[in-house]
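K.L.:
turn this into a structure:
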Amino acid sequence: MLSINNLKKTYSTGDEALKGVSLEISGNEQVAIIGPSGAGKSTLVQCINRLTEPTEGDVYLGDRELTKLNKSELRKARRRIGMIFQEYNLIDRLTVMENTLSGRLGYVSTWDAFRRNFPEEDIKYAYETLDLVGMEEFADDRADELSGGQRQRVGIARALLQRPDILLADEPTSSLDPETSRIVMELLGDIAERENIPILINIHEVHLAEEHVDRIIGLTKGEVVFDGPVEELDEESKDVIYRGEQIPDDAADMAHSQATVGSDVTDDMTERTDA
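P.N.:
A predicted model of the protein is given here:
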């Protein structure tokens, strides 16, 4: 389903965030990317859907090469890629239902989106999805009235409304308490099995990865140093992943991407509701 070949990212400062990463993900695999700060984890996830532009290499989703698409083609291709953000990327003044339905913006006209005129099938699926993530009773509440865990569940529901072929999650638990983090990871695992799609999760909490995913990818200084089933991640493997001098953190690129780019879905909803 997802194939990454020799992916590289060099910033204008000369820092190499990714140094030829190659991997494949398919079926309903639940895959976690772990590694020290500055290893390139967020850069890798964001290069897949080109929220960050890679310097070299290829990314294929199915038989479509995402790295060669123009802006219009990329917007269409992103409908197949559900994205879950660390900071949720919800629109606070909109309701839970409106934020969830924004996952369908790529499938309706600008006029229908402005009027929030979605097909009955989409509305029904939105209620079903909110029920799946335990948020149906909050459908009419504003997003800014929710807790962090609730906001993340709405972000997951929005991504599912795209009916994606793959889910990408960029640090979905970093702003949550331990119990809520566990619930979110369990929810992502249930979704992978229910929807029969793979999930790629960038995560700092190694213990959560060990408890909730099938496969671990260890990234160090922009290179894959471990790739295998979770049961093979022993202490020696962790030493290889986390030892040595850390390269500069890529947090600045994350902040820039979220502040200036964000997801197409969220940007579209913001533009169409500002009028």
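K.L.:
SS state for Tyr88?
P.N.:
coil (DSSP: H, G, I helix; E, B strand; the rest coil).
K.L.:
now it: how far from Ala159?
P.N.:
Going from Tyr88 to Ala159 by Cβ to Cβ, to the nearest Å gives 11 Å. Placement of C-beta: from N, CA and C, glycine included.
K.L.:
over to Phe118?
P.N.:
From Phe118 across to Ala159, the span is 16 Å (Cβ to Cβ).
K.L.:
repeat that for Gly14.
P.N.:
34 Å.
K.L.:
tell me which of those two has more neighbours.
P.N.:
Ala159 (24 against 6; other Cβ atoms under 10 Å).
K.L.:
I'd say that one and Ile84 touch.
P.N.:
Yes: using Cβ atoms under 8 Å, Ala159 is in contact with Ile84, at 5.4 Å.
K.L.:
joint contacts of these two?
P.N.:
Applying Cβ atoms under 8 Å, 6 or more residues apart in numbering, one finds that Ala159 and Ile84 are jointly contacted by Leu167.
K.L.:
extract the CA atoms of the helix ranked longest in the chain and return them as PDB.
P.N.:
Criterion DSSP state H: the longest helix present in the chain is helix 178-195. Taking Å, rounded to 0.1, in the frame of the first residue of the first chain, the C-alpha atoms of helix 178-195 are listed here in PDB:
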ATOM      1  CA  PRO A 178      -1.200   8.300  30.300                       C
ATOM      2  CA  GLU A 179      -4.700   6.800  30.500                       C
ATOM      3  CA  THR A 180      -6.000   8.900  27.600                       C
ATOM      4  CA  SER A 181      -2.900   8.000  25.600                       C
ATOM      5  CA  ARG A 182      -3.600   4.300  26.100                       C
ATOM      6  CA  ILE A 183      -7.300   4.800  25.000                       C
ATOM      7  CA  VAL A 184      -6.200   6.600  21.900                       C
ATOM      8  CA  MET A 185      -3.700   3.900  21.000                       C
ATOM      9  CA  GLU A 186      -6.300   1.200  21.500                       C
ATOM     10  CA  LEU A 187      -8.700   3.100  19.400                       C
ATOM     11  CA  LEU A 188      -6.200   3.400  16.500                       C
ATOM     12  CA  GLY A 189      -5.600  -0.300  16.700                       C
ATOM     13  CA  ASP A 190      -9.300  -1.100  16.600                       C
ATOM     14  CA  ILE A 191      -9.700   1.200  13.600                       C
ATOM     15  CA  ALA A 192      -6.800  -0.400  11.600                       C
ATOM     16  CA  GLU A 193      -8.600  -3.800  12.100                       C
ATOM     17  CA  ARG A 194     -12.100  -2.500  11.500                       C
ATOM     18  CA  GLU A 195     -11.300  -0.500   8.400                       C
END
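K.L.:
brilliant, that's me finished.
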